[in-house]
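Q: with the input below, show me the fold.
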Amino acid sequence: MFEIIRRESVYLWYYFSVQLEQLFPYWVLGMLLGSAVSVFLKDKIHNTFRAIGEKKIGILGIVAASVLGIASPLCMYGTIPIAASFSKGGIKDDWLAAFMMSSILLNPQLILYSAALGTTALVVRIVSCFVCGIAAGLLVRIFYRNKPFFNFEGFAEPRSRDVDPNILIRFLKNLGRNVKATGIYFLIGIVLSALFQRYVPSDMMTSIFGGNEAFGVLMAATVGVPLYACGGGTIPLLQGWLMDGMSMGSAAAFMITGPATKITNLGAVKIVLGMRCFLLYIGYVMLFSLATGLIVNGIIL
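A: Predicted structure coming up:
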């Protein structure tokens, strides 16, 4: 019995150490990039959005809003008060929908994490999140042109926590908060990936996420709902699954439904949407993830 436990521990440590060695540099760089954007560029990004809102560029504003949403480093609970201030400044709901949707799905830190999955996965993630934001904005523009989609009543723009007069200390404090917020999820993700690699046969992963395209995409979109807790924590899982035969379309579906239906993000979105619009949001996320997964599989396979 002791020999079996020892042998299994050796195998698990091997899988854990290999992934840790591969992904740790991306996690560190992601922390550094995320803190740098938050401390030095966050206000510039948001002020740029306000400035664009003053211009009469119509539908092109949705595209710009989606880009700036991806560039914004804030979590959804931080994005909502900022979006409330944008709304008070006259920015329309269709632009805000694009900004908030893409902000939920992606940020500069997560882009760097996703580079560990390879160039194809990185491009798929960036493009799909960008398009998801644009599509959300267009739908709000079409169906909610003359009625409000969001309710930001009672929200005020939050005070920045990065206010230390010493710029280096300001950056280090932000970096410390980032490490504290994501480190445990990163390690849990590597542990779960090691367990999957050791005890779940690769042909089973292929049959679930890769063999039948439509079924695999559906399963990945569904699994993304309960498994997603932190962007950095899912990278080890995705890396292991892709190595075991997960299709790129299934990975794309997971990368959309995961952050969009993460419990904290759902709680934040529910605050500013009524029940009807909240259900529309859920339906939109699931349909878009399925369509994206099938399209990606059709292009790449």
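Q: contact partners for the residue nearest to A221 when sequence neighbours are not counted?
A: Sequence neighbours aside, A253 is the residue nearest to A221 in space, at 4.1 Å (criterion: Cβ to Cβ, 6 or more residues apart in numbering). Glycine gets a C-beta too; all of them are placed from N, C-alpha and C. Neighbouring residues of A253 by Cβ atoms under 8 Å, 6 or more residues apart in numbering: 217-218, 220-221, 224, 289-290, 292-293.
Q: rerun that using 7 Å as the cut-off
A: When contacts are counted by Cβ atoms under 7 Å, 6 or more residues apart in numbering, A253 is found next to 217, 220-221, 224, 289-290, 292-293.
Q: just name the closest of those to A36, please.
A: G224 (28.5 Å; Cβ to Cβ).
Q: so that closest one touches A252, yeah?
A: No - in this structure, G224 is not within contact of A252 by Cβ atoms under 7 Å, at 10.3 Å.
Q: got any residues that touch both of the two?
A: Common neighbours of G224 and A252 (criterion: Cβ under 7 Å, 6+ apart): none identified.
Q: next secondary structure after the strand or helix carrying the residue nearest to A221?
A: Per DSSP states H and E, A253 falls inside helix 248-260. Sequence-wise, the next helix or strand downstream of helix 248-260 (DSSP H and E) is helix 263-272.
Q: could you say what helices and strands that following helix packs with?
A: On a contact count with 3 or more Cβ pairs under 7 Å, 6 or more residues apart in numbering; DSSP states H and E, helix 263-272 meets helix 76-88, helix 275-300.
Q: mean neighbour count, these: which tops it?
A: Among those, the stretch with the highest mean neighbour count (mean count of other Cβ atoms under 10 Å) is helix 76-88, at a mean of 20.
Q: angle of the helix or strand following that one against helix 275-300?
A: Sequence-wise, the next helix or strand downstream of helix 76-88 (DSSP H and E) is helix 93-105. For helix 93-105 against helix 275-300, the angle by axes from the mean of the first three to the mean of the last three Cα atoms, to 10 degrees is 60 degrees.
Q: report the rounded mean pLDDT for stretch 234-246.
A: Averaged over stretch 234-246, pLDDT sits at 87.
Q: next one: stretch 21-29
A: Across stretch 21-29, pLDDT averages out at 88.
Q: how about residues contacting that stretch?
A: Contacts with stretch 21-29, where a contact means Cβ under 7 Å, 6+ apart, come from 112-113, 115-116, 186, 190, 232, 235-236.
Q: just the closest of these to I4, please.
A: Distances from I4 to those, taken by Cβ to Cβ, are shortest for I190, at 22.9 Å.
Q: what are the boundaries of the helices in this protein?
A: 2-36, 42-53, 60-71, 76-88, 93-105, 108-114, 119-143, 167-199, 202-206, 213-227, 231-243, 248-260, 263-272, 275-300 (DSSP state H).
Q: lovely, talk soon.
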